[in-house]
Structure formats: C-alpha cells, structure tokens
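# structure for the following, please:
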Amino acid sequence: MMENCFEKTVLKVDARRFIPFRKGKVLRSHQVVFHVDDASLRIDVVSAFWPFMAEVTQAILEPAAFTEMQWLKRVASGVGFKELTEGKTDLLIGNDGNEIFNHLLDQTGLPFVKEKIWTEPIAILLNRDNPVKNLTVSQIHDIYFGHISNWSELGGKQLHIHTYQLERGNGSQTAFEKIVRGNNIDEFHHEIHTMPDIIDDVAKDISGICYTFSSYYTRMYANTLTHMITVDGTAVTDPCYPLRDELYMIYRKDHPNANLHRMISWLKSAKGQELIAVCYPPERTVE
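Numbering: from 1, shown residues only. All right, here's what the predicted structure looks like:
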C-alpha cells in the first residue's frame, strides 16, 4: 500500500511522446526559415536533452525525411560517444564527456570537434519536507566534500546529510563533477545507476540531496516529494543561475555530408539560437 501511494507522487512521460511528427506528441510547432530534407543523417541525443532536441528536429526537418531510428535516437552518454567513434552516428548532442569518453575520440585519430549549442542548468533537488530552500555554490561544494555534514549547519533540521550522485560516465554526473572539482564517488556518497532512481531516493529521504539536468526534471521525470531549490538566490530559469553545463554538438570536422554542416552552422546562427531558446523548457514539471 505504501509503495502504491509513493507511485502516485511520480510524474513521468513516455519518451515516445517526444518523437517528431507522431500523433499524441507534446512537441510544439515553430515557424522557421531553415529546413533539412536529408533522410540519411543520424543523430544521437543524450536522454536529458531528448525533448528539447526532438522539438528542434521537428521544426527544421521535412516530415518525409524523418525516420525514427535513423534521424534521431535517444542514448546514454557512453553509448553516444561509442557510436560516434564507430561511425554509427553522424552527430552527438550532449555534454563534452569525461576523460574516458574523450580518450575514445582521441584514440581514433579522427578530427572530432565540439561546437557549443546551449547551456543547461543543473538543478539541485531536496526532499519536499526539507526546510532549506536555497544553497550557495560553495555550500554545495562543501556538502559533497563532507565539510558540511548536517542540515542544521544550513538552517535545516538536526539531520545528517545524505548525498546522492550517479555512477561515473553519466552525463549529469560528469557535469556535476566540474562544479565540485575533485569530487569522486566514494563510500560517503550513495551511488545510483539511473536518474529516476536518484530522484525517487531523495523523495523518500528527508536528508537527501541530489542533482539533475533541469530539462530532465521539468520535462521527463519528477517526483512531487522533491523540489528544485534556488542556488545563490537564483532559480534555474534565471540567466544568472550559476550551475550550468555546456551542451555540445560533437561530430567529425571532415564529415562528407554537407547537410550536416549546414544544419550545425544554422543552429549556431542567431536564428538557430532563437529557435533553441524557444524550444528550451521554462520551469515546469513534466507535461
């Protein structure tokens, strides 16, 4: 019975609802002057950015050119980098990866490049019953290094802080390590394998703290027993929000497909960035 009650607090969507040109989708329509009609392009998108990139794709791709498994595919970061190095995909949309993934690129000897496309806020999640509503970047750093170990030091309850983070190689874990530089997964952190699990664990743990890409939490998976707090007094929707990771387009510089380079150039242009800004989700919790 308790488990059934908890399930009612979970807010999630089927990723298939974000497939372009499919009935029952939640993607919005946008009028743009740039279009691609090349059905041969293959794009891998890291899961957290799937809704965002699906909306961009629907805006610029001609419907007749779209095939679900060829044009756009949702992958884990590690799979995306592996498929890129093996020539199984033409473009990877994700963060810049950890040292292992970048070593894979270097080992090929091929001219892979990374083009920044957007910046993604990293949301800090606490249990809904935790009275702490704001943390500074310095405090988050100290929490994950163990310099702050009790919520009472931050105006909260007399409870030991439980830090949750994802296993190495996950995109959001790699991004978060840039913020808490030098932080490694060890016995003092709860290492969780999936993003839904890490969110649900904090939902069940009043002492818990975790992180996630904000777009994942607002569009893919959330839990009403958790909430995003402000950082340095700013919300994730604020341009001054300090916890951000860069989102990249990663591809071979010498790729022979001219349409790939056309699309990349346009997405980097002022008009392309305007589209991305419109497609990027505001602060809302799962459609």
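
# what are the ranges of the helices in the chain?
With DSSP state H, the ranges of helices along the chain come out as 2-7, 50-60, 68-71, 77-85, 99-108, 137-145, 171-179, 195-204, 214-219, 258-268, 270-279.

# using TSV, lay out the ones you listed together with distance to residue 37, mean neighbour count and mean pLDDT.
In this view, the C-beta of every residue, glycine as well, is placed from N, C-alpha and C. What follows is these, written out as TSV (distance: least, CB to CB, whole Å; neighbours: other CB atoms under 10 Å; pLDDT from 0 to 100):
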stretch	distance to residue 37	mean neighbour count	mean pLDDT
helix 2-7	43	8	63
helix 50-60	10	23	91
helix 68-71	11	13	82
helix 77-85	23	21	91
helix 99-108	29	14	84
helix 137-145	45	18	89
helix 171-179	30	22	62
helix 195-204	34	21	91
helix 214-219	28	25	87
helix 258-268	8	16	96
helix 270-279	17	14	92
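
# run a quick neighbour tally on residue 237.
Neighbourhood size, residue 237 [other CB atoms under 10 Å]: 15.

# skipping adjacent residues, who's closest to residue 224 in space?
Spatial nearest neighbour of residue 224, chain neighbours left out: residue 9 (4.5 Å); criterion: CB to CB, 6 or more residues apart in numbering.

# next, that neighbour: phi, psi?
Main-chain dihedrals, residue 9, degrees, to the nearest 10: phi -90, psi -10.

# ok, back up a step: now distance to residue 121 too, for the helices of the chain, in TSV please.
Listed next are those as TSV, based on distance: least, CB to CB, whole Å:
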stretch	distance to residue 121
helix 2-7	27
helix 50-60	12
helix 68-71	27
helix 77-85	18
helix 99-108	22
helix 137-145	13
helix 171-179	10
helix 195-204	15
helix 214-219	4
helix 258-268	20
helix 270-279	13
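
# so for residue 240, which of those helices sits nearest?
Proximity to residue 240 (CB to CB) singles out helix 137-145 among those, at 12.0 Å.

# which helices and strands does the closest one pack with?
Applying 3 or more CB pairs under 8 Å, 6 or more residues apart in numbering; DSSP states H and E, we find helix 137-145 packed against strand 162-166, helix 171-179.

# again, 6 Å this time
Of the remaining helices and strands, none touches helix 137-145 by 3 or more CB pairs under 6 Å, 6 or more residues apart in numbering; DSSP states H and E.

# what is the end-to-end distance of stretch 206-221?
One end of stretch 206-221 sits 19 Å from the other (CA to CA, to the nearest Å).

# neighbouring contacts of it?
Stretch 206-221 is contacted by residues 12, 48, 51-52, 120-127, 129-130, 159, 161-164, 172, 176, 195-196, 198, 202, 236, 281, 284-285 when judged by CB atoms under 6 Å, 6 or more residues apart in numbering.

# how far does it sit from its chain's centre?
10 Å (CA atoms, centre = their mean, to the nearest Å).

# look up the residues forming beta bridges with residue 212.
On the basis of DSSP bridges, residue 212 is bridged to residue 123.

# nope, residue 45 is what I was after
In this entry, residue 45 is beta-bridged to residue 74, residue 93, by DSSP bridges.

# ok, it to residue 263 distance?
Using CB to CB, to the nearest Å, residue 45 is found at 14 Å from residue 263.

# cool, and residue 9?
Counting by CB to CB, the gap from residue 9 to residue 263 is 40 Å.

# returning to what we had before: hmm, the residue nearest to residue 224 is touching residue 226, no?
No - with contact defined as CB atoms under 6 Å, residue 9 does not reach residue 226; the gap is 8.8 Å.

# what residues are up against the residue at minimal distance from the centre of the chain?
Nearest residue to the geometric centre of the chain (CA atoms, centre = their mean): residue 48, 3.4 Å. Neighbouring residues of residue 48 by CB under 6 Å, 6+ apart: 213, 215-216.

# I'd like to know how many residues surround residue 134.
Residue 134 has 15 nearby residues by other CB under 10 Å.
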